[in-house]
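Trainee: Just the structure for this:
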Amino acid sequence: MKTTTKKILEADGLGKSFGANQVLSNVTFSVDQGEFVCIVGPSGTGKTTLLRALSGLGPANSGEVRVNGRVVVQPPAELSVVFQDYSRSLMPWMRVLKNVELPLLRLGLSRTERRARAEQALADVGLGHAAHLYPWQMSGGMQQRAAIARSLAYRPEILIMDEPFASVDAQTRADLEDLMLDIRNRLGVTIVLVTHDIDEAVYLGDKVIVLSGRPTSVFASVEIPLGSGRDQIATKSRPEYLELRAEIHRMIMRKTEPATR
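Mentor: Sure, this is the predicted structure:
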């Protein structure tokens, strides 16, 4: 649930082209502090390009991104990113605890403080028992939890996630979705999650940003009034959930339909 109306992340008229290929066009939306926002759209609409612009990893050609009112010109200190390919983001020769500590080296923290942050982050994602393991000794779901822990150890205000559960099985995906809801509720971190999965977006989000086809713009911003305490079975059986899912699906299909005629 939203905890405040303070705008913590703003996209204002973002445009992005690669040569003659225009990917983003006048993308505008905002995210409130403590909000869980999901971004969905047809396949190939440039969702990852938008994520890179929001995080300062691939700046837009026009428009601007603001974090806490400041224009983003490089990756902001308040923000951390969880990528889809967790297997590549974890160093296989490092134990999990050291993997989680790795980004903290640039903060100039003492060894004791780094260790404390890493251990707390692992506990937050349910991996307190796995600190001594190597990534290759863990399941895919555990590896993604470790990647999430590494971002949390940085103690960001905003966590941006790029289709983070796309490579795991259905049950693990459900567990990770519930983990992120729990983390948002316990830690108060603002989460922006890019996904192609409408069910996931409606289940997790306080708000769903629906993107159009290329060049990508914001087709709609849909509030998700499902409250807190969401449950994989009970919530997804509610008429409101089914109506919201169908509404967003119709929005996406309406934008992709002309190209298939």
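Trainee: Flag the shaky bits of the protein, pLDDT-wise.
Mentor: Applying pLDDT under 70 to the chain picks out residues 1-4, 86-87, 255-261.
Trainee: The longest helix seen in it packs against which elements?
Mentor: Longest helix in the chain by number of residues (criterion: DSSP state H): helix 239-260. In terms of contacts (3 or more CB pairs under 8 Å, 6 or more residues apart in numbering; DSSP states H and E), helix 239-260 is packed against helix 198-204, strand 207-211, strand 218-223. (Each C-beta comes from the backbone N, C-alpha and C, glycine too.)
Trainee: Could you say which helix or strand holds Val100?
Mentor: Per DSSP states H and E, Val100 falls inside helix 96-101.
Trainee: Skip ahead from that helix and say which helix or strand is next.
Mentor: helix 111-124.
Trainee: how distant is that next one from the center of its chain?
Mentor: Computed by CA atoms, centre = their mean, to the nearest Å, the chain-centroid distance of helix 111-124 equals 22 Å.
Trainee: With stretch 135-145 instead?
Mentor: The mean C-alpha position of stretch 135-145 is separated from the chain mean by 19 Å, CA atoms, centre = their mean.
Trainee: Grab the nearest non-local neighbour of Ser25.
Mentor: Distances taken as CB to CB, 6 or more residues apart in numbering put Pro215 closest to Ser25, at 3.8 Å, once the chain neighbours are dropped.
Trainee: So for the longest helix of the chain, what gets flagged as buried?
Mentor: Under the neighbour-count criterion of 16 or more other CB atoms under 10 Å, helix 239-260 has Tyr241, Leu244, Arg245, Ile248, Met251, Ile252, Lys255 buried.
Trainee: one step back: is it true that the residue nearest to Ser25 touches Phe18?
Mentor: No - under the criterion of CB atoms under 8 Å, Pro215 makes no contact with Phe18, lying 11.3 Å away.
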